[in-house]
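Asker: Using only what follows, build the 3D model:
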Amino acid sequence: MNKSHPPLPREDLEHVITHTRSLWEQLCGGRIFVTGATGFFGVWLLETFAYANSKLNLGATLVGLSRDPAAFYAKVPHLAGESSIMLHRGDVRDFEFPEGTFTHVIHAGTTSGAPVPPGEMIDTIIRGTRRTLDFAVAAGAKRLLFVSSGAVYGKQPPDMTHIPETYAGAPDPMDPNSAYGEGKRVGELLCSIAHKEHGLETTIARCFAFVGPHLPLDAHFAIGNFIRDALKDEPIQVKDGSPSRSYLYAADLAIWLWTILFKGAACHPYNVGSDQEMSIAQLAETVASVSGGATSPSISLPLNSSSFVPSRYVPSVERSQSELGLQTLIPLNQSIQRTTVWHRHRQ
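Answerer: Just a heads-up that it's a prediction; the model follows:
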């Protein structure tokens with residue numbers, strides 16, 4: 001596969017605008033700063049912003065933080081000529097503040113997509129969040145969206161089918177693998193402090209699992225790995241088919257994130273994801289049936305299933321549904337199909 005990424009499908013961009021149209025008015029003439037602008041979430045935010053800005057004549061601008069703007073534009077060359085977007089070079093932990101005032105900030109910068117030592121991960125999350133909050137206050141921003149994670153809950157209890165925002169669980173502080181979840185917990189606390197001390201309206205999105213264009217196929221995301229195997233016409237490799245997960249399509253994810261930024265209550269976390277649970281083995285079967293070519297790829301399952309109680313990572317989204325009207329709009333089969341088609345265009 002080549003390194004450049006095609007634009008997002010027009011039907012996905014239209015989908016986002018259709019379900020957020022009434023919310024964009026508060027960004028008219030505004031200026032938004034986005035950290036993590038070059039990651040999976042970030043590219044979706046940048047492309048949907050550019051589309052909404054043009055389609056709705058918002059007259060808004062976006063500044064995205066990037067450690068290597070040239071590399072990003074090589075990856076998504078169609079954004080290089082987008083006049084409403086500019087990139088600001090810097091590391092999320094210590095970036096120099098862009099000049100001028102900003103109306104909104106989205107903090108999506110993190111290090112979850114690649115193997116990172118636990119100490120570096122938690123340092124990046126905490127220092128990056130503190131730096132971004134300091135910037136938001138200095139820039140006069142009114143609202144900030146903190147992209148948090150369902151990892152803040154720690155392990156989901158085996159008798160809990162869907163984990164709600166009110167669950168007071170936590171990651172194990174004695175496990176170095178908890179660095180990501182613990183870092184996000186501290187990030188949420190820093191948001192609460194900034195709201196109390198400076199009046200910054202900090203909204204929080206606790207994100208779970210997703211699928212869609214720009215999702216890395218070679219990282220630690222099972223659904224991405226399965227799609228990669230299917231695209232190569234190779235057997236789908238399943239290490240353990242017993243865990244339960246759920247997946248929200250990235251166009252729906254963009255709707256949820258923009259809605260929480262514009263409409264969410266401050267310091268009132270919202271789970272972001274699908275509540276439609278399935279096992280990893282079932283996921284592999286679904287990917288095989290949807291992503292295959294003339295014939296569905298085979299599935300390579302482990303000889304012995306896990307002897308432990310299967311893990312579950314599935315959110316309750318009742319708060320997001322009842323308070324913000326958010327829904328899972330694109331079913332998983334269609335989500336996988338759209339993702340597969342987009343990646344085939346890169347081949």
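Asker: And the helices in this structure?
Answerer: Defined through DSSP state H, the helices belonging to the chain, from first to last, are 10-18, 40-55, 69-75, 118-138, 179-198, 222-231, 250-263, 280-291, 318-324, 332-344.
Asker: Who are the packing partners of the second one?
Answerer: Helix 40-55 makes packing contacts with helix 10-18, strand 31-35, strand 61-66, strand 85-89, helix 250-263 when contacts are defined by 3 or more Cβ pairs under 8 Å, 6 or more residues apart in numbering; DSSP states H and E. No exception for glycine: its C-beta is placed from N, CA and C like everyone else's.
Asker: where does this structure dip in pLDDT?
Answerer: Under the criterion of pLDDT under 70, the regions of the chain flagged as low confidence span 1-3, 111-114, 292-296, 303-308, 347.
Asker: nearest residue to the spatially most central residue of it other than its sequence neighbours?
Answerer: In the chain, the C-alpha closest to the average C-alpha coordinate belongs to F41, at a distance of 4.2 Å (Cα atoms, centre = their mean). If the residues on either side of it in the chain are set aside, F41 comes closest to A108, at 4.7 Å by Cβ to Cβ, 6 or more residues apart in numbering.
Asker: what's the neighbour count on the one you found?
Answerer: Other residues near A108 number 24, with proximity taken as other Cβ atoms under 10 Å.
Asker: show me the contacts for C207.
Answerer: Residues in contact with C207 (Cβ atoms under 8 Å, 6 or more residues apart in numbering) are 41, 147-150, 253, 272-273.
Asker: Can you tell me which of the residues you listed has the largest number of neighbours?
Answerer: The member of the contacts of C207 that has the most neighbours, counting by other Cβ under 10 Å, is G273 with 28 neighbours.
Asker: Report the contact partners of the closest residue to it other than its chain neighbours.
Answerer: Closest residue to G273 in three dimensions, ignoring its sequence neighbours and counting by Cβ to Cβ, 6+ apart: F208, at 3.1 Å. For F208, the contacting residues are 149-150, 246, 248, 271-274, 313-315, by Cβ under 8 Å, 6+ apart.
Asker: hang on, the earlier thing: how about JSON lines for the helices of the chain, with distance to F33 added?
Answerer: Listed next are those as JSON lines, based on distance: least, Cβ to Cβ, whole Å:
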{"stretch": "helix 10-18", "distance to F33": "20"}
{"stretch": "helix 40-55", "distance to F33": "11"}
{"stretch": "helix 69-75", "distance to F33": "15"}
{"stretch": "helix 118-138", "distance to F33": "7"}
{"stretch": "helix 179-198", "distance to F33": "15"}
{"stretch": "helix 222-231", "distance to F33": "28"}
{"stretch": "helix 250-263", "distance to F33": "12"}
{"stretch": "helix 280-291", "distance to F33": "36"}
{"stretch": "helix 318-324", "distance to F33": "23"}
{"stretch": "helix 332-344", "distance to F33": "28"}
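Asker: sorry, back to before: adding distance to E234, write the helices and strands packed on helix 40-55 out as JSON lines.
Answerer: As requested, the helices and strands packed on helix 40-55 are arranged in JSON lines below (distance: least, Cβ to Cβ, whole Å):
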{"stretch": "helix 10-18", "distance to E234": "27"}
{"stretch": "strand 31-35", "distance to E234": "36"}
{"stretch": "strand 61-66", "distance to E234": "33"}
{"stretch": "strand 85-89", "distance to E234": "36"}
{"stretch": "helix 250-263", "distance to E234": "24"}
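Asker: Tell me which of the ones you listed lies nearest to K184.
Answerer: Proximity of these to K184 was assessed by Cβ to Cβ; the nearest stretch is strand 31-35, lying at 14.1 Å.
Asker: Contacts only, for the residue found closest to S192 once you drop the neighbours it is linked to in the chain.
Answerer: Closest residue to S192 apart from its sequence neighbours, by Cβ to Cβ, 6+ apart: C267 at 5.0 Å. When contacts are counted by Cβ under 8 Å, 6+ apart, C267 touches 191-192, 195, 202, 204.
Asker: switch the cut-off to 10 Å
Answerer: For C267, the set of contacting residues under the criterion of Cβ atoms under 10 Å, 6 or more residues apart in numbering consists of 146, 188-189, 191-196, 201-204.
Asker: could you list every residue that touches H15?
Answerer: 9, 48, 249, 251-252, 254-255, 329-330.
Asker: Closest one to I17 out of the contacts of F208, please.
Answerer: Of the contacts of F208, the one sitting nearest to I17 (Cβ to Cβ) turns out to be L248, at 18.0 Å.
Asker: What about the residue lying closest to the closest one once chain neighbours are set aside, how many residues nearby?
Answerer: The spatial neighbour of L248 that comes closest, neighbours along the chain excluded (Cβ to Cβ, 6+ apart), is S274 at 4.4 Å. Using other Cβ under 10 Å, S274 has 26 other residues around it.
Asker: cool, and S22?
Answerer: By the other Cβ under 10 Å criterion, the neighbourhood of S22 contains 8 residues.
Asker: Report the separation between it and L231.
Answerer: Distance, S22 to L231, by Cβ to Cβ, to the nearest Å: 38 Å.
Asker: related to what we said a few turns ago, who's in contact with the residue nearest to F41?
Answerer: By Cβ under 10 Å, 6+ apart, the contact set of A108 is 34-37, 39-42, 44-45, 64-65, 92, 132, 145-147, 205, 207, 257.
Asker: can we see that at 6 Å?
Answerer: Taking Cβ atoms under 6 Å, 6 or more residues apart in numbering, we find A108 in contact with 35-36, 41-42, 147.
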